[in-house]
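Q: Sequence plus the predicted model coming up.
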Amino acid sequence: MMRISVVVITLNEQENIGRCIDSVQGVADEVLVVDSGSTDATYRIAVEKGARFVSHAWEGYSAQKNYANGLAAHPWILSLDADECLSDELRQSLIYIAAHDFSAETVFGMNRRTAYCGRFMRRIWARECKVRLFHKDMAVWDGDYVHEKLSYAATPNVLRLSGDLLHYSYASVDAQVKQLNEFSGLSAAEAFAAGRRYGLWAGVFKAQWLFFRDYVLKGGFLDGGDGFVVCCNNAFYAAWKGFKLWQKYKEEPLYAISRDPAELSAVYEGTFLIACGGTTAEVSRALPMVGCLKRKYPRCRVLFMAHAGVRQTVEAAGEADGFVDGDMLRRLSPLEAVEQMRSWRLRAAVSVQGDPVWAAWMKTAAVPLRIGDARERAVRPYLNRRVAVSRYPFRVPEICRNTLLLRPLGIVPVLVPSALSSSE
């Protein structure tokens, strides 16, 4: 028999929380509401409906939901948003499965129908399948910005339930525009952290394509005026993300380094990682990169990651601010390794003789600038800046070969002939 905790995160949800709690009666063994500072009647309504109410400062969508899941009294989590509720058919499906036992690898998906301005849409946002019931040891919410998603400890066995999860999304056009403006900023920040590039015209063209896809190909015109408004706003949302990402690239100091203003070199602070997956000899040839970075940006911090056997070589050089044992990192689970990388708050990572596992973790950890040699085919998919060393018409001195990878950070080694410094 399954014991289910219904978990809801809230902020000023007095219009929705009562309907949400009422819909899970007979399903929930516990209703847990984690609130991030409501100033309306959310607390009173939730407590009157029998929910356990906890106040917790906002940490972001994923972190807030994971915190709430950790407080749940029962192992099975039914994760709902405050503006969602169960249809009668879905409630009966949940009551039925709650009377049986399932393995922790089983997760349950359900169809979500969305209402816009009080009217359920027939084509746009119709029948989205969302996994919302899972064992707390099996899944965690992932995503640092917006549109969080579940990450699983093992390959899940997804069972789809009959009935609908009813989503009362926006009460007005103003409410949608306000939220899309907020979400577009968060999405742009996420894209920037992942190193994705997005031009102004790309945003315009993508907006046009999305409107055509949603309104014509997906049949949004069948939803009448509401469908037209939704499709327009979805298109504007795509354009706003592109425009805000373009603005971030203009404002972010990391991408101004190549312009090399003297004052920026003197005061720039940040943590860089040099990851070398090669032999002791290759590590020795990569170590001058540390000195180049320290001389260019004297207030920066440089970590050097390599296999355990070269620790003494790196430490004997004495220039890196810390050695990271790549072998020890690989012994962690992927989620733990990524969290470890995130804790370093890296601004850029340079891959030398790249290890594809390390490179994949760097991308997942959303390191803003990930630099590598374009010849490293196994690492290439995880980079967002590649230096094509192999294109040079004559042999590059070994001591400089990997140091060229610092060029995206505005550093061109003096030993490289000037003819090389202007070509990719």
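A: Thanks, I have it.
Q: and the longest helix for the chain?
A: Assignment by DSSP state H gives helix 224-251 as the longest helix of the chain.
Q: Next, the buried residues of it.
A: Within helix 224-251, the residues scored as buried using 16 or more other Cβ atoms under 10 Å are 226-246, 248. In this view, the C-beta of every residue, glycine as well, is placed from N, C-alpha and C.
Q: what does stretch 201-218 give?
A: For stretch 201-218, burial by neighbour count (16+ other Cβ under 10 Å) applies to 203, 206, 207, 210, 211, 214, 215, 218.
Q: Then stretch 338-351?
A: In stretch 338-351, counting by 16+ other Cβ under 10 Å, buried: 338, 341, 344, 346, 347, 348, 349, 350, 351.
Q: Out of those residues, which one has the lowest pLDDT?
A: The lowest pLDDT within the buried residues of stretch 338-351 belongs to residue 347, with 85.
Q: how much space between the residue nearest to that one when sequence neighbours are not counted and residue 205?
A: Leaving aside its sequence neighbours, residue 347 sits nearest to residue 270 (Cβ to Cβ, 6 or more residues apart in numbering; 3.8 Å). Separation of residue 270 from residue 205 (Cβ to Cβ, to the nearest Å) stands at 34 Å.
Q: Kindly state the pLDDT recorded for the closest residue to residue 342 other than its chain neighbours?
A: Using Cβ to Cβ, 6+ apart and skipping the chain neighbours, the partner closest in space to residue 342 is residue 365 (4.9 Å). The model reports residue 365 with a pLDDT of 88.
Q: Make sure residue 365 is actually in contact with residue 336.
A: No. The pair residue 365 / residue 336 is not scored as a contact, 11.6 Å apart, by Cβ atoms under 8 Å.
Q: Give me the buried positions along the lengthiest strand in the chain.
A: Counting by DSSP state E, the longest strand found in the chain is strand 157-170. By 16+ other Cβ under 10 Å, the buried positions in strand 157-170 come out as 161, 163, 164, 165, 166, 167, 168, 169, 170.
Q: This structure - how does it break down into domains?
A: Listed by automatic domain parsing, the domain ranges of the chain are 4-169, 173-251, 256-421.
Q: sec struct for residue 12, please.
A: coil (DSSP: H, G, I helix; E, B strand; the rest coil).
Q: Count residues in the vicinity of the residue lying closest to residue 358 once chain neighbours are set aside, would you?
A: Leaving aside its chain neighbours, residue 358 sits nearest to residue 275 (5.2 Å; criterion: Cβ to Cβ, 6+ apart). Residues within reach of residue 275, counting by other Cβ atoms under 10 Å, total 25.
Q: Quick check: which helices or strands does the strand or helix carrying residue 275 pack against?
A: Using DSSP states H and E, residue 275 sits within strand 271-276. Helices and strands touching strand 271-276, as assessed by 3 or more Cβ pairs under 8 Å, 6 or more residues apart in numbering; DSSP states H and E, comprise helix 280-286, helix 288-296, strand 301-306, strand 346-352, helix 356-364.
Q: Mean neighbour count, these: which tops it?
A: Stretch with highest mean neighbour count among the helices and strands packed on strand 271-276: strand 346-352 (a mean of 26; mean count of other Cβ atoms under 10 Å).
Q: Report all helices and strands that that strand contacts.
A: strand 271-276, helix 356-364, strand 369-373.
Q: please redo it, this time with the cut-off set to 7 Å
A: When contacts are defined as 3 or more Cβ pairs under 7 Å, 6 or more residues apart in numbering; DSSP states H and E, strand 346-352 sits against strand 271-276, strand 369-373.
Q: what about the closest residue to residue 165 other than its chain neighbours, which SS state?
A: Using Cβ to Cβ, 6+ apart and skipping residues adjacent in sequence, the residue nearest residue 165 is residue 112, 4.4 Å away. Here residue 112 is recorded as strand under three-state DSSP.
Q: show me what contacts residue 112?
A: Residue 112 is in contact with 128, 130, 164, 165, 167, counting by Cβ atoms under 7 Å, 6 or more residues apart in numbering.
Q: That one bridge partners, please.
A: residue 128, residue 165 (DSSP bridges).
Q: Quick one: low-confidence residue ranges for the stretch 251-400 of the chain.
A: 251-268, 388-400 (pLDDT under 70).
Q: Now for the closest residue to residue 322 other than its chain neighbours: which residues touch it?
A: The shortest distance from residue 322 to any non-neighbouring residue, by Cβ to Cβ, 6+ apart, is to residue 303 (4.8 Å). For residue 303, the contacting residues are 271, 273, 320, 321, 322, 324, 344, by Cβ under 7 Å, 6+ apart.
Q: And for residue 203?
A: Counting by Cβ under 7 Å, 6+ apart, residue 203 touches 238, 239, 241, 242, 243.
Q: Helix 224-251 and the stretch of helix or strand it belongs to, what's the angle between them?
A: Taking DSSP H and E as the definition, one finds residue 203 inside helix 200-212. Going by axes from the mean of the first three to the mean of the last three Cα atoms, to 10 degrees, helix 200-212 is angled at 160 degrees with respect to helix 224-251.
Q: before we move on, back to that, from the chain's centre, how far out does the longest helix of the chain sit?
A: Offset of helix 224-251 from its chain centre (Cα atoms, centre = their mean, to the nearest Å): 19 Å.
Q: ok, now stretch 147-160?
A: From the chain centre to the centre of stretch 147-160 is a distance of 16 Å (Cα atoms, centre = their mean).
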